[in-house]
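1. Got a sequence here, can you model it:
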Amino acid sequence: MAGSSHGHTPAAWTGVIIAFIGFCVSGAFTVMANPLGFWAGMVIIALAGVVSLAMRAAGLGQPKTVHAQPARAVREAVGVDA
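-> Numbering: from 1, shown residues only. Alright, predicted model coming up:
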């Protein structure tokens, strides 16, 4: 995955950080036996997905053409028409 830059975008990092905070909140309130705080942490985790998708839609995610370029380059190098 390191070769494809998978997850190396501001949208991915922001989503992971917000989700991590949500997991910490949920875990802390689970230990304290507080269901309301646990569910608040779960809402934060869901918010991480929404924020990450919004950032991706705003252009801060990985472009979809990144994975298609290496395959096209290989086809051109071997002389196979697409």
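2. alpha carbons only for contacts and neighbour counts from here, please
-> OK.
3. in stretch 46-58, what's buried?
-> Neighbour-count burial for stretch 46-58, counted by 16 or more other CA atoms under 10 Å, picks out Leu47, Ala48, Gly49, Val51, Ser52, Leu53, Met55, Arg56.
4. Dump these into a markdown table; add distance to Gly27, pLDDT and secondary structure as well.
-> Below are these laid out as a markdown table (distance: CA to CA, whole Å; pLDDT from 0 to 100; DSSP: H, G, I helix; E, B strand; the rest coil):
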| residue | distance to Gly27 | pLDDT | secondary structure |
| --- | --- | --- | --- |
| Leu47 | 17 | 97 | helix |
| Ala48 | 16 | 96 | helix |
| Gly49 | 19 | 94 | helix |
| Val51 | 21 | 95 | helix |
| Ser52 | 22 | 92 | helix |
| Leu53 | 25 | 91 | helix |
| Met55 | 27 | 91 | helix |
| Arg56 | 28 | 89 | helix |
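5. what sits against the closest residue to Thr14 other than its chain neighbours?
-> Among residues not flanking Thr14 along the chain, Ser52 sits closest, at 6.6 Å (CA to CA, 6 or more residues apart in numbering). The contact partners of Ser52, taken as CA atoms under 8 Å, 6 or more residues apart in numbering, are Ala11, Ala12, Thr14, Gly15.
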